[in-house]
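> The sequence isn't on hand, but the structure is:
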C-alpha cells in the first residue's frame, strides 16, 4: 500500500513539474509576444488569438479592421499607400462586437487612426463579448485568467517547443520551410504575410467571372436562398451599429475613423433582389441609417465603394459575389488615399440611391 502511495506522489510531482515546465517554456519563448517583442518571432493566421499579441508587440499608429473582405491586405501596402504605420487586425467572419472590442484595445495602445471596412452583415446578432467562445477578452486585457490560460495552454507549449527547436541553427532552415505543412499555427516569419495571399498567387485563376457566376447560382438556388437573410433583422442590426460603431467612435473623439463600405460585386445585391428582397430592403435601410449617422460625427470620414460600376460590374474582380481580388485591394487603398467616393454629409444618400438604381437595372448574363 505504501508503495502505491509513493508511486502516486511521484506521478503527481512529475505532472506538476511537467506543467510548470511547459508554462515556463511558454513564458520564455512567448510565441504571441504578450510579454516582450521578439526579433525572431513567427506569426499565426489565427487572427482572433494573434491580434492580442500584435497589439502588444508591434509599433503602429493606425489600426485596419474588417472581415474576410479585408483579410488579404498587406500592412506594407497600407503603409505605402496611406503614409501610416498600420496594424492589420481584420478577422474572418467577425461581428461588430468582436471588431469594436479589438479596436478598443488597439486605440488604448496608441492607434490614432482607424481604417474600418464596414460590412452590413457584421451587425447581425452575436454573443456578448464577455461570453464569446471565439475571442478571449481576458487574453487581450492581460488579466490573471488570460495570462494563466496562455501559459498553461498545451497548444502554446507545443508552439513554444517548436519555436525553440526552430531557433537551433542546424534546424532553423529546414524547420522554417516545413512549418506551413506541420500541425503548428505559428508558421509565418513575416508579420506582413498574416492571412495574405502568397506573392506568386495566380490571381486570374482565383478571381474570375466563372467563379463569381457559379457562386451567384449557388446562393440563389431555391434550396439555399433562405440563407441570404440568415441573421438579418433591421431593429437588432441598427441597435448593434449604435452600440458597437457609434459608441466606439464617440468614446474616442481624438481618433480619426476612415470607414468604407467594401465594393461587393453587383451580384451580391442582385442575389438579394431576386431571391430575398426582404433582405435587400434591410441592407439598404440599414446602410441608409449608417450613412446618415456616421457623416454627422466629426471624427469620421465615410466612403462608399459599392456603386463603382467599372469595378463592381466586372465579375473578373471577384472569387464569389463579395470577395474581391488584390487588384481591387490596391484600388481601395488609392481611393482612401485620395479621398474619393467620400459620402457627402450634406447629401449622405446620393451614392446609396445610385447603387439602388444599378441593382434594379442589372440583368444577369449567364
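Noted; the coordinates are in hand. Values in this document were obtained by computation on a predicted structure and should not be read as measured data.
> Surely residue 87 is within a helix?
No: in this structure, residue 87 is strand, not part of a helix, as judged by DSSP: H, G, I helix; E, B strand; the rest coil.
> Distance of it relative to residue 28?
Taking CB to CB, to the nearest Å as the criterion, residue 87 is separated from residue 28 by 25 Å. (Each C-beta comes from the backbone N, C-alpha and C, glycine too.)
> cool, residue 17 as well?
Distance from residue 17 to residue 28, counting by CB to CB: 16 Å.
> Now stretch 227-239: buried residues?
Buried residues in stretch 227-239, counted by 16 or more other CB atoms under 10 Å: 228-229, 232, 237-238.
> any low-confidence regions in the stretch 251-366 of the chain?
For the stretch 251-366 of the chain, the stretches with pLDDT under 70 are 366.
> What segments of it are helices?
Counting by DSSP state H, counting those that start in this stretch, the stretch 251-366 of the chain has helices at residues 266-275, 277-294, 309-312, 326-338, 350-361.
> Out of those helices, which is closest to residue 23?
Proximity to residue 23 (CB to CB) singles out helix 326-338 among the helices of the stretch 251-366 of the chain, at 40.3 Å.
> The helices of the stretch 251-366 of the chain into JSON lines, with extra columns for mean neighbour count?
Converted to JSON lines, these look like this (neighbours: other CB atoms under 10 Å):
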{"stretch": "helix 266-275", "mean neighbour count": "23"}
{"stretch": "helix 277-294", "mean neighbour count": "18"}
{"stretch": "helix 309-312", "mean neighbour count": "16"}
{"stretch": "helix 326-338", "mean neighbour count": "17"}
{"stretch": "helix 350-361", "mean neighbour count": "16"}
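> For residue 244, find the nearest of the ones you listed.
Among the helices of the stretch 251-366 of the chain, helix 277-294 comes nearest to residue 244, with 11.6 Å by CB to CB.
> hang on, isn't residue 303 packed against residue 341?
Yes: using CB atoms under 8 Å, residue 303 makes contact with residue 341 at a distance of 5.1 Å.
> any common contacting residues for these two?
Common contacts of residue 303 and residue 341, defined by CB atoms under 8 Å, 6 or more residues apart in numbering, comprise residue 335.
> What is the longest helix along the chain packed up against?
If you go by DSSP state H, the chain has its longest helix at helix 2-29. Judged by 3 or more CB pairs under 8 Å, 6 or more residues apart in numbering; DSSP states H and E, the packing partners of helix 2-29 are helix 144-151, helix 154-166.
> Quick one: closest of those helices to residue 245.
helix 144-151 (25.6 Å).
> Which residues outside the closest one are in contact with it?
23, 26-27, 32, 34, 136-140, 156.
> want to throw those residues into JSON lines with neighbour count, distance to residue 295 and pLDDT?
What follows is the contacts of helix 144-151, written out as JSON lines (neighbours: other CB atoms under 10 Å; distance: CB to CB, whole Å; pLDDT from 0 to 100):
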{"residue": "23", "neighbour count": "18", "distance to residue 295": "50", "pLDDT": "91"}
{"residue": "26", "neighbour count": "26", "distance to residue 295": "47", "pLDDT": "94"}
{"residue": "27", "neighbour count": "15", "distance to residue 295": "48", "pLDDT": "94"}
{"residue": "32", "neighbour count": "25", "distance to residue 295": "38", "pLDDT": "96"}
{"residue": "34", "neighbour count": "20", "distance to residue 295": "38", "pLDDT": "95"}
{"residue": "136", "neighbour count": "17", "distance to residue 295": "35", "pLDDT": "94"}
{"residue": "137", "neighbour count": "18", "distance to residue 295": "31", "pLDDT": "96"}
{"residue": "138", "neighbour count": "16", "distance to residue 295": "36", "pLDDT": "96"}
{"residue": "139", "neighbour count": "21", "distance to residue 295": "35", "pLDDT": "96"}
{"residue": "140", "neighbour count": "23", "distance to residue 295": "31", "pLDDT": "97"}
{"residue": "156", "neighbour count": "24", "distance to residue 295": "44", "pLDDT": "95"}
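> Residue ranges in the stretch 1-150 of the chain under the pLDDT threshold?
Scanning the stretch 1-150 of the chain for pLDDT under 70 picks out the ranges 1-3, 5.
> quick one, strands of it?
Ranges of strands in the stretch 1-150 of the chain, per DSSP state E, counting those that start in this stretch, are 62-65, 86-88, 113-117.
> out of those strands, which comes closest to residue 313?
strand 113-117 (20.2 Å).
> if we can go back for a sec, and of the strands of the stretch 1-150 of the chain, who's closest to residue 190?
Residue 190 lies closest to strand 86-88 among the strands of the stretch 1-150 of the chain, at 12.4 Å (CB to CB).
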